[in-house]
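>>> Structure for this input, please:
(4 chains)
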2 protein chains.
Amino acid sequence: MAHHPTLKDIAQELNISSMTVSRALNDSPNVDEDTRERVIKAAKQMGYIPNKIAQSLVNKRTKTIGVVVPEIVNTFQPEVIRGIEDVTYNAGFNLLLTQSGENSEREEASIGTLISQRVDGILISTAETGQSYGEFQRLVELDIPFVFYDRYIRDIGASIVRIDDKGFASKMTRHLIGHGYRRIANIRGPKGLSVSDDRFTGYVDAMEEAGLAIHPELVAEAGFREFGGYNAMNNILELPEKQWPEAVFCVNDPAAFGALQSIRAHGVKVPDDIAIVGFSDDMRSAVIGPPLTTVNPKPYEQGKRAVQKLIECIERHDSRSEEIIVEAELIVRKSCGCI
Amino acid sequence: MAHHPTLKDIAQELNISSMTVSRALNDSPNVDEDTRERVIKAAKQMGYIPNKIAQSLVNKRTKTIGVVVPEIVNTFQPEVIRGIEDVTYNAGFNLLLTQSGENSEREEASIGTLISQRVDGILISTAETGQSYGEFQRLVELDIPFVFYDRYIRDIGASIVRIDDKGFASKMTRHLIGHGYRRIANIRGPKGLSVSDDRFTGYVDAMEEAGLAIHPELVAEAGFREFGGYNAMNNILELPEKQWPEAVFCVNDPAAFGALQSIRAHGVKVPDDIAIVGFSDDMRSAVIGPPLTTVNPKPYEQGKRAVQKLIECIERHDSRSEEIIVEAELIVRKSCGCI
DNA sequence: TTGTACGCGTTATCAA
DNA sequence: TTGATAACGCGTACAA
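The predicted model follows:
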């Protein structure tokens, strides 16, 4: 780093004190207009750039928000980040980005780093494996505001921004039931993870409400990726054909793509023989053949709302926790055979 | 923010000086083993978390890298960021993320912010509009290392990580020519932007090399988005049918999707009547109908290489600039009618 | 209106 | 091996 001129440098140049320079540059009231002009001119001419690090140290706030993202893949997380960045930019906050890699150890490390960097607050969507309650407790004890988005842990005192996963999973299931499907399989996400459990519960609720049986052999646990859906569907299709489902509800779109691939490999037609629906509205879903019926979880909106809530907590030093439900949207396409 | 214990707090607790605490915690050689243990124990018990802000102030390095991304959309940029983050995580650097929103004013603001935050270096892919040479000159003058990836400005002394856009555009064009296409249209990107100009030049070179005419009415300028490609293609299809191209080479995949939509709207068959190819290997390209022939620009790899080069500059204080060409890959799918 | 003294939390340097 | 002092760049509090 080259030598950045400091307040002191400007002060010496003008034979005044650095405090006057500081005041002049910060629009403080009690500064002679003449002095202010001279200072501003000198600052510009010398290429003065305020040192935010020094400011942070003395102000005890960094104007920086830390984000812990499971992984920057697919459609969801990038859109969330975009939403977050748009808000932080306008609010004058900076964004420190970390990935947990769906791994609770790295998640812990990320949180540690962010604390060390003294971020003013943290946005987090939990990692897939092993919930590390400990780190979150630590944030609470340290009184560092944080907000969950999408994937959360409840009853920890932090605000949560999410969609109504359970409700929309029910809605989707009812949509299938309403069109005459009875044997509905569920390729669910990993157990113990909020979104995943919620979506499963929503499916179960709707099935029971309709008086339909949930066949254990038609419920398979997969991850959030293509291969998980592929394997799960393969297992289902190894059942005797008469036990095959009429429709499959997948935890998210990538899993649905995998399932689709498996179904095709078995020479079965979608949606004629088996209907399939996803959840997450991946970029590919609208253009894949057949276009996938899904739920759009409004990632940009979630990011926006989460960071707005966080900034509110930071500015007002108000840690009142809240659960914000972003309105999702059921998107009916051809894969469910209903249009 | 709650009260974080400081070195001083630990020192007082143990009746020693804060320097000894600092040394003990930083594995300095000259510390009594007994003392070290007591310090470490106390630090742990008191929940000491080093203040990176204070460290940065005195060390004059933040261990932070700033990134200026045009916009976090589509497939490319998120993958780049993922590559960057994987490397910075392992190298112990932090990531300060900003978006320019394809807008040179916001790009300037981003760079200003990053300088103010005293990042150790910057990664940047230039915004679409109005090249702001000034800000980059400023970085050079301030001796702040920075590396361009994907979109760059040449001869400014910064390293560049990119693919061989021109070469691969030529390769793609030759691929089309090799399969008998003669009237090849080009839906090009905005003028004055490196990747866009390079890809156009590659197309021109290949056409001339093959002795084929470039018909001005078949060269249209579009942006990088769907609607640009859509409009450009609409214009082309308003020509008398005998002037229609046999194949269309688009600056990137989203533009190709737009073009595809326009072609379909005109009831024309792809690739039978008109072949179409893109560039960027968007997530959707493999699953769209027909699957799009394209070039994979290896975004993850570009991010990785760019940040590795940057960290090298930072650590060795070696500002030798370099041009790193990441090997791209031509991906032939059905939209070009060659398979 | 301007200046002085001091502190933010840490490390470098030199002395003990 | 340990400690005292100063410094990083800035802002708060008070004095002039």
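
>>> Get me the contact residues on chain A for DNA strand D.
A:4, A:6-8, A:18-19, A:22, A:25-26, A:50-51, A:54-55, A:57-59 (CB under 7 Å from any atom of the strand). Heads up, the C-betas are built off the backbone N, CA and C, glycines and all.

>>> so where do the helices sit in the stretch 101-250 of chain A?
A:104-116, A:133-141, A:165-178, A:194-209, A:226-237 (DSSP state H, counting those that start in this stretch).

>>> between the shortest one and helix A:104-116, how many degrees?
Note on geometry: by axes from the mean of the first three to the mean of the last three CA atoms, to 10 degrees, helix A:133-141 and helix A:104-116 are set 20 degrees apart in direction.

>>> Then the last one?
Put simply, helix A:226-237 runs at 150 degrees to helix A:104-116, going by the same axes, to 10 degrees.

>>> Could you point out the longest helix of chain A?
The residue-count maximum for a helix in chain A (DSSP state H) belongs to helix A:299-316.

>>> any bit of that one sitting next to chain B?
No - judged by CB under 8 Å from any CB of the partner chain, helix A:299-316 makes no contact with chain B; its nearest approach is 9.6 Å.

>>> Out of the residues of chain A next to DNA strand D, grab the one that's most surrounded.
Using other CB atoms under 10 Å in any protein chain shown as the neighbour test, the residues of chain A next to DNA strand D are led by residue A:7, with 22 neighbours.

>>> Pull the contacting residues for that one.
When contacts are counted by CB atoms under 8 Å, 6 or more residues apart in numbering or on different chains, residue A:7 is found next to A:18, A:21, A:22, A:25, A:48.

>>> now chain A, which segments are flagged as low pLDDT?
Applying pLDDT under 70 to chain A flags residues A:1-2, A:130-132.

>>> all strands for chain A, in order.
A:64-69, A:94-99, A:121-124, A:146-149, A:159-163, A:184-188, A:219-221, A:247-250, A:275-277, A:294-296, A:323-326, A:329-331 (DSSP state E).

>>> Can you lay out those as CSV showing distance to residue A:78 and mean neighbour count?
Below are the strands of chain A laid out as CSV (distance: least, CB to CB, whole Å; neighbours: other CB atoms under 10 Å in any protein chain shown):
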stretch, distance to residue A:78, mean neighbour count
strand A:64-69, 9, 27
strand A:94-99, 11, 24
strand A:121-124, 14, 27
strand A:146-149, 14, 27
strand A:159-163, 17, 24
strand A:184-188, 24, 26
strand A:219-221, 26, 18
strand A:247-250, 21, 31
strand A:275-277, 23, 27
strand A:294-296, 15, 23
strand A:323-326, 17, 15
strand A:329-331, 19, 14
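
>>> between those strands, which one is nearest to chain B?
When the strands of chain A are compared by CB to the nearest CB, strand A:94-99 sits nearest chain B, at 4.7 Å.

>>> elements contacting that closest one?
In terms of contacts (3 or more CB pairs under 8 Å, 6 or more residues apart in numbering or on different chains; DSSP states H and E), strand A:94-99 is packed against strand A:64-69, helix A:76-91, helix A:104-116, helix B:76-91, strand B:94-99.

>>> I'd like to know which elements the longest helix of chain A is packed against.
strand A:64-69, helix A:76-91, strand A:121-124, strand A:146-149, strand A:159-163, strand A:323-326.

>>> who touches it?
For helix A:299-316, using CB under 8 Å, 6+ apart, the contacting residues are A:61, A:65, A:75-77, A:79-84, A:86-88, A:91, A:93, A:120-123, A:145-150, A:159, A:161-163, A:318-320, A:322, A:324, A:326.

>>> List the contacts of the nearest residue to residue A:272 once chain neighbours are set aside.
Sequence neighbours aside, residue A:337 is the residue nearest to residue A:272 in space, at 6.9 Å (criterion: CB to CB, 6 or more residues apart in numbering or on different chains). Applying CB under 8 Å, 6+ apart, we find residue A:337 in contact with A:179, A:271, A:272, A:275.

>>> Just flag the most distant two among the residues you listed.
A:179 and A:272 (13.1 Å; CB to CB).

>>> Name the residue in those two with the higher neighbour count.
residue A:179 (16 against 9).

>>> My guess is that one contacts residue A:332. True?
No - between residue A:179 and residue A:332 there is no contact under CB atoms under 8 Å: 10.0 Å.

>>> and for these two, which residues touch both?
In contact with both residue A:179 and residue A:332: residue A:338, using CB under 8 Å, 6+ apart.

>>> and of the contacts of residue A:7, the nearest to DNA strand C?
residue A:18 (6.6 Å; CB to the nearest atom of the strand).

>>> show me the contacts for that closest one.
Going by CB under 8 Å, 6+ apart, residue A:18 touches A:6, A:7, A:8, A:10, A:11.

>>> same check, this time on residue A:276
Residue A:276 touches A:247, A:248, A:250, A:256, A:259, A:260, A:263, A:270, A:292, A:293, A:335, A:336, counting by CB under 8 Å, 6+ apart.

>>> What's opposite it in the beta bridge?
residue A:248 (DSSP bridges).

>>> same deal with residue A:69?
In this entry, residue A:69 is beta-bridged to residue A:99, by DSSP bridges.

>>> residue of the stretch 101-250 of chain A with the smallest distance to chain B?
residue A:143 (4.0 Å).

>>> Just to check, that residue is in contact with residue A:318?
No - applying CB under 8 Å, one finds residue A:143 not in contact with residue A:318, separated by 11.9 Å.

>>> if we can go back for a sec, find out how far the longest helix of chain A is from the centre of the chain, if you would.
Here helix A:299-316 is found 12 Å from its chain centre; the criterion is CA atoms, centre = their mean, to the nearest Å.

>>> Tell me what angle it forms with strand A:159-163.
160 degrees.

>>> Pull out the buried positions in helix A:299-316.
By 16 or more other CB atoms under 10 Å in any protein chain shown, the buried positions in helix A:299-316 come out as A:299-314.

>>> again with stretch A:265-281
Within stretch A:265-281, the residues that count as buried by 16+ other CB under 10 Å are A:266, A:270, A:271, A:274, A:275, A:276, A:277, A:278, A:279, A:280, A:281.

>>> Next: stretch A:23-41.
Those would be A:23, A:24, A:25, A:31, A:36, A:38, A:39, for stretch A:23-41 by 16+ other CB under 10 Å.

>>> and which of the residues you listed is nearest residue A:206?
Of those, the one sitting nearest to residue A:206 (CB to CB) turns out to be residue A:25, at 61.3 Å.

>>> Dump the helices of the stretch 101-250 of chain A to TSV, plus mean neighbour count.
Listed next are these as TSV, based on neighbours: other CB atoms under 10 Å in any protein chain shown:
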stretch	mean neighbour count
helix A:104-116	20
helix A:133-141	16
helix A:165-178	20
helix A:194-209	20
helix A:226-237	21
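
>>> Right, I'll leave it there.
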